[in-house]
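1. sequence and predicted model, in that order:
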Amino acid sequence: MVSGDSHIIEPADLFRDRLPKQLRDRALWEEEFTLDEPIVEGGHTEFKKLHTIGFDGWTISKYRQFGGETPDGVPEHIIRDMNLDGVDASVMFPNLSLFVLFTDDHELSMAHARVWNDYIAERFLPYKERLRPTAAIPLTDIPEAVAEIERCARMGLGAILLPETAPAPYYSPMYDPVWAAAQAHGMPVFIHVATGGVSVREAQSETAATVRGMMTAVNMGKGQLTDDMVSGRLLAGGGGDGGPRRIIAQLVGGGVCERFPDLHFNLIEYGAGWLVSFMGYIDKAWKTGTGQDPDWWLGFWDDSRDAKDQPAMGRLFTINDKWPYPLKPSEYIQRQIHVQFADDPTAVKARHITGLSTVMWGNDYPHAEGTFRNSAECIAENFDDTVSDEDRAAILGGTLADVVHFDKSKKLAPVTENA
């Protein structure tokens, strides 16, 4: 099994110790504290508070305080936990530093990214048989982004991490040098949920504002849910407000997949059940449907112009036959795009429609919303008896192993009763 979504808990003072001296007063750092007694009976007492622009004061209880050793980011301990969960290999992402790696302040983000990239190369490459950390690449300066990809490739890092909310749409040709560098070095692209969108000048972020509003409304689980909160939760369960669909539409519709056919794009922590309807829609959008009137006009008539000179009028469905690329939109997805899920039976059931390689599993280690320590049980709930061994193997690791070049020929995690 290969997890497509696992996280490295960074040392609390990693950036304060390693950033250039003139930036250390702006470094992300984490403050750990312990309560004398839990907020609720039997609950967590150990917490971490984040200090960084846009997320200052973001506080979480430490992960997995019960049921085993609390994860701490040490590679040997990560492998210990992978063994417990039956996971052979993992693609690794930052943890709380995700919030500072992609801001609108290029100097700040690139400095943090270089520290992160150096750290994972030093600490995790010795374990590359089982761990594949992703190199963070801020996109606020394209020549420097390309230079950082080149530097990370020289260090031996094998994948890059880009933000969900980028400075410009991913269809922009400005990113072509980034795609070219990643493809040339065989470094697949990973895009993780809730990254980017941090405004340093305004000291705010889209993700932080959403979480603050949610926690205030719920009042730590003791308040009443509003209609807005309930409907928002349902929207998130349906694939969110369009983040992954927007990214796919930009990559496919902007011709990125056509121009860089050997580059793979991996969307992380979005669930994948929404993919089947999205793929059906994007193909249908470029085909005149049965019964549609191809000569139907729509728009705004200008009486001052001749009937043949009406720029605000047009035949609505004419565009349906103007898809500019040789493959259908869904075929680009099936060739190059992979969407990760942790617990999503619909994604598994829809594999025959989306294409087997479009969906992949990950346990979101060590996050509270993930499946770590219960992955075997969750997988059993997601994969019923109708799923063939071949399909199961592909979704649970075979596809991702090919993307990031893990060795599929041997089992690396010991077989246990729970795996």
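-> Looks like it came in fine. Just so it is clear, the model here is predicted, and its values are computed rather than measured.
2. which residues of the stretch 1-150 of the chain fall in strands?
-> 2-8, 29-34, 46-51, 59-61, 89-94, 131-133, 135-136 (DSSP state E, counting those that start in this stretch).
3. of all these, which lies closest to residue 281?
-> strand 2-8 (24.6 Å; C-beta to C-beta). Every C-beta, even on glycine, is put in place using the N, C-alpha and C of the backbone.
4. show residues contacting the closest one.
-> With contacts defined as C-beta atoms under 8 Å, 6 or more residues apart in numbering, strand 2-8 is touched by 73, 78, 82, 87-95, 120, 124, 133, 192, 266, 268-269, 338, 340, 342, 360-367, 370, 396-398, 400-401, 406.
5. and stretch 179-189, by the same measure?
-> 135, 146, 149-150, 152-153, 157-160, 162, 256, 259-260, 262-266, 403-405.
6. any of those residues buried? List them.
-> With burial judged by 16 or more other C-beta atoms under 10 Å, the buried subset of the contacts of stretch 179-189 is 135, 146, 149, 152-153, 157-160, 162, 256, 260, 263-266, 403-404.
7. in helices only, show me those.
-> Secondary structure defined by DSSP state H assigns 146, 149, 152-153, 256, 403-404 of these to helices.
8. so how far does stretch 96-109 reach from one end to the other?
-> End-to-end distance for stretch 96-109: 14 Å, by C-alpha to C-alpha, to the nearest Å.
9. give me the distance between the two termini of stretch 336-347.
-> Counting by C-alpha to C-alpha, you get 17 Å between the two ends of stretch 336-347.
10. kindly report the same for stretch 359-379.
-> Criterion C-alpha to C-alpha; first-to-last residue distance in stretch 359-379 is 14 Å.
11. ok, now stretch 73-91?
-> First residue to last in stretch 73-91 (C-alpha to C-alpha) measures 14 Å.
12. where's residue 126 relative to residue 261, distance?
-> 33 Å (C-beta to C-beta, to the nearest Å).
13. which residues of this protein score low on pLDDT?
-> For the chain, the stretches flagged by pLDDT under 70 are 206-207, 209-225, 229-230, 232-241, 416-419.
14. which of the contacts of strand 2-8 fall in helices?
-> Counted as lying in helices by DSSP H, out of these, are 78, 82, 120, 124, 400-401.
15. compare these and tell me which is most surrounded.
-> Of the ones in helices among the contacts of strand 2-8, residue 400 is surrounded by the most neighbours, 28 neighbours in total, counting by other C-beta atoms under 10 Å.
16. before we move on, back to that, farthest-separated two in the ones in helices among the contacts of strand 2-8?
-> Farthest-apart pair in those is 120 and 401; separation 19.5 Å (C-beta to C-beta).
17. who touches the residue nearest the centre of the chain in this structure?
-> In the chain, the residue lying closest to the centroid (C-alpha atoms, centre = their mean) is residue 192, at 2.0 Å. Residues in contact with residue 192 (C-beta under 8 Å, 6+ apart) are 5, 93, 98, 161, 164, 268-269.
18. separation between it and residue 279?
-> Here residue 192 is placed at a distance of 22 Å from residue 279 (C-beta to C-beta).
19. including distance to residue 198, could the ones in helices among the buried ones among the contacts of stretch 179-189 go into a markdown table?
-> A markdown table is the format used below for these (distance: C-beta to C-beta, whole Å):
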| residue | distance to residue 198 |
| --- | --- |
| 146 | 22 |
| 149 | 21 |
| 152 | 22 |
| 153 | 26 |
| 256 | 24 |
| 403 | 28 |
| 404 | 27 |
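20. closest one to residue 290 out of those residues, please.
-> Once C-beta to C-beta is applied, the member of these that ends up nearest residue 290 is residue 256, at 31.0 Å.
21. measure the closest one to residue 406 for me?
-> According to C-beta to C-beta, residue 256 and residue 406 sit 25 Å apart.
22. check residue 22 too.
-> For residue 22 relative to residue 406 (C-beta to C-beta), the value is 40 Å.
23. hmm, residue 104 is touching residue 168, no?
-> No. Here residue 104 does not reach residue 168: they are 11.8 Å apart, not a contact under C-beta atoms under 8 Å.
24. higher neighbour count, the two?
-> Between residue 104 and residue 168, residue 104 has the larger neighbour count (other C-beta under 10 Å), namely 18 against 13.
25. so residue 14 sits right up against residue 115, yeah?
-> Yes. Using C-beta under 8 Å, residue 14 is in contact with residue 115, at 6.6 Å.
26. who's more crowded, the two?
-> residue 115 (24 against 19).
27. neighbours around the closest residue to that one other than its chain neighbours, how many?
-> Leaving aside its sequence neighbours, residue 115 sits nearest to residue 18 (C-beta to C-beta, 6 or more residues apart in numbering; 4.5 Å). Counted with other C-beta under 10 Å, residues neighbouring residue 18 total 17.
28. next up, the contacts around residue 18.
-> Residue 18 is in contact with 115, 118-119, counting by C-beta under 8 Å, 6+ apart.
29. let me know the closest of the ones in helices among the contacts of strand 2-8 to residue 334.
-> Nearest to residue 334, judged by C-beta to C-beta, of the ones in helices among the contacts of strand 2-8 is residue 400 at 15.3 Å.
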